[in-house]
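Novice: predicted model follows, preceded by the sequence.
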Amino acid sequence: MSTKKASYSKSKSRKVEKVEAVIYFFDWTHTALHSYTGSVRTNYLKPLTEHCLQQTFDDTNSSDLVPSLRNIAKKQSDDKDMIRGKLKDAARRMNQWEGDLSAHQPENLISVSEMCAYYRLRVMVNMCVNLYVLMRKVLKWFNSNGAKLKKLDSSTINDMVKNVTMMFEACCAIGEVFELASVDRSTAKYKSFLKKSKDEYECSKNSELEIKVPSEYLPRFEATLTHYRSLVSTICTSFLPVVETLSDQFTNDFKTGDVKKIMAELPPMYHFVSQRPFSSKTTELVGDPPPNRKIIAMPPLTNDSHKSVEESKKPTAVKQPYANPIKDHYLGTSNSSKKVSSSMASKTARSERSEKKKSAERAKSLEKSEKKNKSKEKSTRTSKNSSKSAKKTNSAKK
């Protein structure tokens, strides 16, 4: 009995330790995501926004991440209106230009690749903000309902430990991808639940994006955005089963649709990027990027593309489906069998008509040949009679 009690108490203490590790690493992930998202916003999104949109970046209340980035999301429509206005102004000036156009070229040209990079970075930063807001709600529930988590079964708790530690690893990898200050794992209380690695990423300073000629800085930055996309997707896919467990096992207002809505905003990836050396953990996390989900369907190319609009609007004859007698025989379809029987009857009628015509032609040809033979016989008979009569007259004269 004593051994059973000891094993039971040991398993119970291990279960309690796992629940505490879940709350501990979830809290750390929440804090690290807040810090890294603010650094990415200040050191990368800010200079790229000022370069692409040619306006000052609103950096008020930079200490509070959520309100400042929500202001960016609200200003997206204003940015679109501003871009439309710039395009209209450029078109108006193009019509007014005369002479040499080289004198009117702007000093700072913005490439399409830079605008694409700006769009991807802005969307993923906003995704991290939305994740941070949702994680803050879950963390608040964890801190007030830790006793309820301990009542879950062991398999569910093991899955939560696996998913939360994966979120933590992906969040720490963001610092390596953007070359930001690393997270000190040596101070972790439950570091036994983390994967051990010999080549840990260590850095004490935050790097910044330096705008240069696009061909010089974009290839490396596009690779950074592709890896950032993989890590944000990993955080979402690991966070989804945690929210699903909480919504199924307990009464709360958590919904998996909130996480799926954030996942649906994931921008497309770059297919061809330059490789960068990372630690073994980060290399494993960014090695298999998620595929693109949004696909633009192209219309099929046809030979009738040269037709005018009026001809395309004309009603076209509906083609009847081909009746397959073998398929209809096995499927037992009634309409197609009627079509097949009617087609077979028409074929037999045609064959009978052709045979009648051929027989009639043969009879005619036989009649003609018989007439010719009879006429030949008559001519031969008349010639013979005439020769006999001539002989008789000659003998009588003699």
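Specialist: That came through fine. These numbers come from a predicted model, not from an experiment. Numbering: from 1, shown residues only.
Novice: every contact and neighbour count from this point should use C-alpha atoms.
Specialist: Will do.
Novice: which positions within the host helix or strand of Met135 qualify as buried?
Specialist: Met135 is located in helix 112-144, with elements delineated by DSSP states H and E. Neighbour-count burial for helix 112-144, counted by 16 or more other C-alpha atoms under 10 Å, picks out 114-115, 117-118, 120-122, 124-132, 134-136, 138-139, 142.
Novice: for the record, mean pLDDT for stretch 280-292?
Specialist: Along stretch 280-292, the predicted local confidence has a mean pLDDT of 89.
Novice: quick one, the helix or strand containing Pro47 and helix 112-144 angle?
Specialist: Pro47 is part of helix 46-53, with elements assigned from DSSP H and E. Put simply, helix 46-53 runs at 140 degrees to helix 112-144, going by axes from the mean of the first three to the mean of the last three C-alpha atoms, to 10 degrees.
Novice: give me the helices and strands touching helix 46-53, please.
Specialist: Under the contact definition 3 or more C-alpha pairs under 8 Å, 6 or more residues apart in numbering; DSSP states H and E, helix 46-53 sits against helix 112-144.
Novice: and the helix holding Met135, average pLDDT?
Specialist: On average, helix 112-144 scores 93.
Novice: what do you get for stretch 173-181?
Specialist: Confidence over stretch 173-181 (mean pLDDT, whole number) is 94.
Novice: that one: end-to-end distance?
Specialist: For stretch 173-181, the first and last residues are 11 Å from each other (C-alpha to C-alpha, to the nearest Å).
Novice: next SSE downstream of the helix holding Met135?
Specialist: Using DSSP H and E, the helix or strand that directly follows helix 112-144 along the chain is helix 146-149.
Novice: what packs against that next one?
Specialist: Counting by 3+ C-alpha pairs under 8 Å, 6+ apart, the packing neighbours recorded for helix 146-149 are helix 2-40.
Novice: could you check the angle the helix it packs on makes with helix 112-144?
Specialist: Going by the same axes, to 10 degrees, helix 2-40 makes 140 degrees with helix 112-144.
Novice: next, the buried residues of helix 2-40.
Specialist: By neighbour count, and taking 16+ other C-alpha under 10 Å as the criterion, the buried residues in helix 2-40 are 15-16, 18-30, 32-40.
Novice: show me where pLDDT drops low in the chain?
Specialist: Residues of the chain that meet the criterion pLDDT under 70 lie in 1-12, 58-108, 294-347, 376, 378, 380-398.
Novice: all the helices of it, residue numbers only.
Specialist: In order along the chain, the chain carries the following helices (DSSP state H): 2-40, 46-53, 65-74, 76-96, 112-144, 146-149, 154-177, 214-249, 256-263, 280-286, 309-313, 325-331, 334-397.
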